[in-house]
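S.K.: Next comes the sequence, and after it the predicted model I'd like to discuss.
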Amino acid sequence: MAEEIRLVFHNQGLRSYIEVDLCRKCPRQDDKGCCGYYSPVFYLCDFAYMLKNRADLVDYVFSLPNLTVLDASVTINSAPDGASYRCQFHTSEKGCLLPQQLRESVCRHFVCPGIAWEKEEGLKDWKLFFEQIGEYEINLNQRLADSFSSRGLSLRDFRQRAEIFNELAAEFDELTGTAPDFFSTRPLREEFVIYRELTFGQDWKL
């Protein structure tokens, strides 16, 4: 029997996200689902948003164990948990500890392949929208990374982080002062119901 799955698409510009009610009863039945197979990566656009909305979260990210810090990104490596791993932001009691808009892009946009929402004819415009968001964010992150690199600044050097974060918000605002036209092509919120046959455990695709 096909299961009803409710998708809510949120157009929040660069911080747009997809909400899926199936996550609360993930067919993987391991209390972590996709959060057991992915380590989130925060880029400069993410840090710019944190600085504007939850500045304390920047220090929290750098206080976590087992980080991979590159010039312009930080990977929060997942911790071993049974036969797989668990994202450091995920708990079995509450799920992700971060609200949607504070998550990095994969976690904001990801919907498990078992749902395959992109195949729905009525959702083609949203598929294009999130593709454009992804390309736009990649471009912004690269431009910010190039800007700091040209001045010899890197997140790898903890002594330079204060200077980077002091300048990041202003540089981000300058680059995003004019919103791209495609931001206005979708409503602020749109909800859809689709139906899928579910499989369980390892048979459910992530």
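M.R.: Thanks, I have it.

S.K.: What ranges in the protein fall below the confidence cut-off?
M.R.: 1 (pLDDT under 70).

S.K.: redo that, cut-off 90
M.R.: Scanning the chain for pLDDT under 90 picks out 1, 37, 82-84, 92-94, 206.

S.K.: For the nearest residue to Asp31 once chain neighbours are set aside, grab the count of nearby residues.
M.R.: Distance criterion Cβ to Cβ, 6 or more residues apart in numbering; nearest residue to Asp31, sequence neighbours excluded, is Ser92 at 4.2 Å. In short, each C-beta sits where N, CA and C put it, glycine included. Using other Cβ atoms under 10 Å, Ser92 is surrounded by 11 other residues.

S.K.: Could you report the distance from Ser92 to Cys35?
M.R.: Ser92 sits 10 Å away from Cys35, going by Cβ to Cβ, to the nearest Å.

S.K.: got a list of contacts for stretch 64-76?
M.R.: The contact list for stretch 64-76 (Cβ atoms under 8 Å, 6 or more residues apart in numbering) reads 39-44, 61-62, 77, 79, 87-89, 141, 144-145, 148-149, 154-156.

S.K.: Swap in 10 Å and give it another go.
M.R.: With Cβ atoms under 10 Å, 6 or more residues apart in numbering as the test, stretch 64-76 has contacts from 39-44, 46-47, 58, 61-62, 77-79, 87-89, 104, 141-142, 144-149, 153-158, 161, 164.

S.K.: In PyMOL, select just the buried ones from those.
M.R.: Burial among these is assessed by 16 or more other Cβ atoms under 10 Å; the matching PyMOL selection reads:
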select buried, resi 39+40+41+42+43+44+46+47+58+61+77+78+87+88+89+104+141+144+145+147+148+153+154+155+161+164
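
S.K.: which residues do Ser92 and Cys35 both contact?
M.R.: 81, 86.
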